[in-house]
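Peer 1: I'll drop the sequence and a predicted model, then ask my questions.
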Amino acid sequence: MLRHLRSRTNRNKWNRGAKRSITLTETEKKLPRNGDGISYRNDNSNHALPTGPHQPFKRAKFSTTGPDSFKLLSMEDKRVEIANYDPRDIPTLKHGLETVLFEKGLHISENKHSKKTSEYNKRINGKASHIVQPHEIDMELVNDFVTSSTDPVLRELASEHKCKFTGSTSSVSGLLTNLYFLITRRYQVSTGALKSFDDIRVKFSGATNKPENVNLRWNGDHYSIDTIPEKNVSNRILLELGKTMEKQLTMNLDEFKKLRIGYEGTPADIPQEQYHYKKMYDILLRSQLDCYDEKLGKTFDLKTRANRSIRFNIEEYASYITHIDKILGRHRSFETEFFDLVKSGLIKYLFQAKIGEMGGIFIAHHNTQTIFGYEYIPISIMEEILFETSELSDYCFTAINGLLSNLLNRIVSDIPKQSLGLTVKMDKMYNSLDIFVREIITDVGWNEEGIDCEYGKFHKYNLNLMHLIKGEPVPIIVMSKKTNTKDLDIYYQITKSDKDSVAILDEWESVILRYKKLHSRGGKNKRTGTKQFSGWDDIFGSPPNKVHSFRTRNDNL
């Protein structure tokens, strides 16, 4: 009998966390506050990288003459802001959440199981912390995602501003992230602002610099950069929650009820999505504007972020609905959640905010059932963490987009007026970027089911950089606030492999398999006995092998 009770207790312990209120320790009660916000990190600390040996560097042969010579990267700021929207048409935060924008720190939401008013923030409506599940929402009333290749406004603006490429924040952020590592060589996480993590050296997570897959679709007069949906997406619940929770945070409760399935009254009036457009070199980028605050005078991005127990066990997330019960600490705390954010998603959040000229990001921490905290992170804080200074952030952002433009132009000049599939991968030493290019024979278009295009020949390119300070090549450089960008020149080299298509296909397959092996948690979950989340689903649904579908579908290899 005792064994039976103990077993049942262990099975249910994961779900009890969602019903617990956060109880602050004596140390956490002494944390500084600004209004109702709890400052659990020191944003004014030195965000310099931890000291230690640099990543090994393979120095390329530097030459500015010849067919494969290095070329100087132009740092002329060629950005053009196209504010094609009215701020009054952009959603605003509801339920008292606008107070989070002006009171620095973490704002703990009211626990829905507590009978008394929250002692942490009395101005935020606690009813908004209960998450309405996607299956309760009429998803046809929620705006669908519009890809770059199907956006008529983006196509019109590209023609008007003479842009050769178009893309959205979701389709280019992975490419920009890989170029970030190549230019800055910052492969470690800055943790000086977090007391519980200031004594450790940690690299960015493997998912941050994973091989990035996109399609470059030819539209008659320009190319559109589209994401490639993964088959059997295990984190679909998070994707759907991202759509519905965004509406929940920006609509009054009475208005939000109109989105529920079975509602018989007047349907909800859902405004059209608003976008900001930015031209960088010959690339026109689109950024969705989630939210606007008149007092702040800026737009900002809404991010709904599940806690780590959900993210790391997403295929059976219902068994891992735990609640964060601490502010500080290395386990089940808001400090840990921010640490995970820094080494995984913050770099993409920053690029998305810079493309949209936003003021920052608004984060709602949740466990798919309950929102247990809100926080606003200004773009200046993200820049300090990832670049140390805003000046270096702007310099690198210009350089990254310049490299992307030069890389895409080189590829389409070799394979003109042809839709292509690209896989971009950083090498393990952070020395260069490998680009696998697949010619698209039959394009089925973007689709959520992940139905793949039919590909033909494979090509491979390599992007290499050389940093020069006062005209002298520097074999090892890590971009930091000590870097004098006025004395810095960046040279790039793009080479094309002379291997045949089949050999390149073999190499591409090994890249995908290697990544799956390195970053898969693999095996079975010890507690439930079921297969555990792998962390990376191949874009073609199953691991590649020697008898690949490419070989059997056509003879154009």
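Peer 2: On my side now, so go ahead.

Peer 1: tell me the buried residues in stretch 253-271?
Peer 2: For stretch 253-271, a neighbour-count test (16 or more other Cβ atoms under 10 Å) marks F256, K258, L259, A268 as buried. Any C-beta I mention is one placed from the backbone N, CA and C, and that applies to glycine too.

Peer 1: next up, phi/psi of S190, please.
Peer 2: Per-residue torsions, S190: phi -90, psi 120 (degrees, to the nearest 10).

Peer 1: state which helix of this protein is the longest.
Peer 2: helix 390-414 (DSSP state H).

Peer 1: tell me the spacing between H95 and N401.
Peer 2: 37 Å (Cβ to Cβ, to the nearest Å).

Peer 1: find the nearest non-adjacent residue to G360, please.
Peer 2: Among residues not flanking G360 along the chain, P378 sits closest, at 4.1 Å (Cβ to Cβ, 6 or more residues apart in numbering).

Peer 1: next one: F256, what pLDDT does it get?
Peer 2: For F256, the model assigns a pLDDT of 91.

Peer 1: no, scratch that, I was asking about R311
Peer 2: For R311, pLDDT reads 88.

Peer 1: report how many residues lie close to it.
Peer 2: Burial of R311 is recorded as 20 neighbouring residues (other Cβ atoms under 10 Å).

Peer 1: please apply the same query to S224.
Peer 2: 26.

Peer 1: leaving aside the residues next to it on the chain, what's closest to it?
Peer 2: Nearest one to S224, counting by Cβ to Cβ, 6+ apart, is S149 at 3.7 Å.

Peer 1: which parts of the longest strand that the chain contains are buried?
Peer 2: The single longest strand within the chain, with elements called by DSSP state E, is strand 454-469. For strand 454-469, a neighbour-count test (16+ other Cβ under 10 Å) marks 454-468 as buried.

Peer 1: ok, back up a step: who's more crowded, H95 and N401?
Peer 2: Neighbour tally, H95 and N401, criterion other Cβ under 10 Å: the higher count belongs to N401, 26 against 20.

Peer 1: in contact with that one, which residues?
Peer 2: Taking Cβ atoms under 8 Å, 6 or more residues apart in numbering, we find N401 in contact with L176, M280, Y281, I283.

Peer 1: out of those, which is nearest to I225?
Peer 2: Among the contacts of N401, I283 lies closest to I225 (Cβ to Cβ), at 8.2 Å.

Peer 1: on that earlier part again, F334: which of the contacts of N401 is nearest?
Peer 2: Taking Cβ to Cβ as the measure, F334 sits nearest to L176 out of the contacts of N401, at 27.8 Å.

Peer 1: quick check, pLDDT for the closest one.
Peer 2: pLDDT, L176: 95.

Peer 1: so D198 versus T191, what's the distance?
Peer 2: Per Cβ to Cβ, D198 is found 6 Å from T191.

Peer 1: looking only at neighbour counts, state which of those two leads.
Peer 2: A direct count of neighbours by other Cβ under 10 Å for D198 and T191 places T191 higher, at 24 against 13.

Peer 1: so what's the more buried one up against?
Peer 2: Residues in contact with T191 (Cβ under 8 Å, 6+ apart) are P50, F197, D198, I200, V202, F339, V342.

Peer 1: got JSON lines for those residues, with pLDDT and secondary structure too?
Peer 2: Listed next are the contacts of T191 as JSON lines, based on pLDDT from 0 to 100; DSSP: H, G, I helix; E, B strand; the rest coil:
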{"residue": "P50", "pLDDT": "49", "secondary structure": "coil"}
{"residue": "F197", "pLDDT": "80", "secondary structure": "helix"}
{"residue": "D198", "pLDDT": "74", "secondary structure": "coil"}
{"residue": "I200", "pLDDT": "73", "secondary structure": "coil"}
{"residue": "V202", "pLDDT": "76", "secondary structure": "coil"}
{"residue": "F339", "pLDDT": "90", "secondary structure": "helix"}
{"residue": "V342", "pLDDT": "89", "secondary structure": "helix"}
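
Peer 1: give me the nearest residue to the residue nearest the centre of the chain, chain neighbours excluded.
Peer 2: Taking Cα atoms, centre = their mean, the centroid of the chain lies closest to K348, which sits 3.8 Å from it. Spatial nearest neighbour of K348, chain neighbours left out: S173 (4.4 Å); criterion: Cβ to Cβ, 6+ apart.

Peer 1: surely the one you found meets K354?
Peer 2: No. When contacts are counted by Cβ atoms under 8 Å, S173 is not listed as touching K354 (10.3 Å).

Peer 1: closest one of the contacts of T191 to D77?
Peer 2: The closest of these to D77 turns out to be V342 (Cβ to Cβ; 27.8 Å).

Peer 1: can I assume the closest one is in contact with S190?
Peer 2: Yes. Counting by Cβ under 8 Å, V342 does reach S190; the two are 7.3 Å apart.

Peer 1: just to revisit the earlier point, thought G359 was touching the residue nearest to G360, still the case?
Peer 2: Yes. Contact status for P378 versus G359: in contact at 6.3 Å, counting by Cβ under 8 Å.

Peer 1: how would you label the residue nearest to the centre of the chain: helix, strand or coil?
Peer 2: Under DSSP: H, G, I helix; E, B strand; the rest coil, K348 falls in the helix class.

Peer 1: quick one, what contacts it?
Peer 2: Here K348 is in contact with S173, G174, T177 (Cβ under 8 Å, 6+ apart).

Peer 1: for Q418, same thing?
Peer 2: Counting by Cβ under 8 Å, 6+ apart, Q418 makes contact with W218, V412, E439, I440.

Peer 1: just flag the most distant two among these.
Peer 2: Most distant of the contacts of Q418, by Cβ to Cβ, are V412 and I440, 12.8 Å apart.

Peer 1: tell me, what's touching these two both at once?
Peer 2: Q418, L420.

Peer 1: so which of the contacts of K348 comes closest to G37?
Peer 2: Closest approach to G37 among the contacts of K348 (Cβ to Cβ): S173, at 28.0 Å.

Peer 1: that's a helix at that closest one, yeah?
Peer 2: Yes. With three-state DSSP as the criterion, S173 is part of a helix.

Peer 1: tell me who's in contact with it.
Peer 2: Taking Cβ under 8 Å, 6+ apart as the criterion, S173 is in contact with K348, F351, Q352.

Peer 1: pretty sure P473 sits in a helix.
Peer 2: No. Assessed with three-state DSSP, P473 is strand; it does not lie in a helix.

Peer 1: hang on, it packs against F62?
Peer 2: Yes. Using Cβ under 8 Å, P473 is in contact with F62, at 5.2 Å.

Peer 1: shared neighbours, those two?
Peer 2: With Cβ under 8 Å, 6+ apart, P473 and F62 have common neighbours M466.

Peer 1: filter the contacts of T191 down to the buried ones.
Peer 2: For the contacts of T191, buried by 16+ other Cβ under 10 Å: F197, F339, V342.

Peer 1: so what's the last one up against?
Peer 2: For V342, the set of contacting residues under the criterion of Cβ under 8 Å, 6+ apart consists of V189, S190, T191, I385.

Peer 1: related to what we said a few turns ago, I'd like the contacts of K348 as a markdown table, with distance to S419 appended.
Peer 2: Listed next are the contacts of K348 as a markdown table, based on distance: Cβ to Cβ, whole Å:
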| residue | distance to S419 |
| --- | --- |
| S173 | 21 |
| G174 | 19 |
| T177 | 24 |
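
Peer 1: what is the nearest of the residues you listed to Q369?
Peer 2: Q369 has its nearest neighbour among those in S173, at 28.3 Å by Cβ to Cβ.

Peer 1: how close does the closest one get to Y275?
Peer 2: 15 Å.

Peer 1: cool, D340 as well?
Peer 2: For D340 relative to Y275 (Cβ to Cβ), the value is 29 Å.

Peer 1: fine by me, thanks again.
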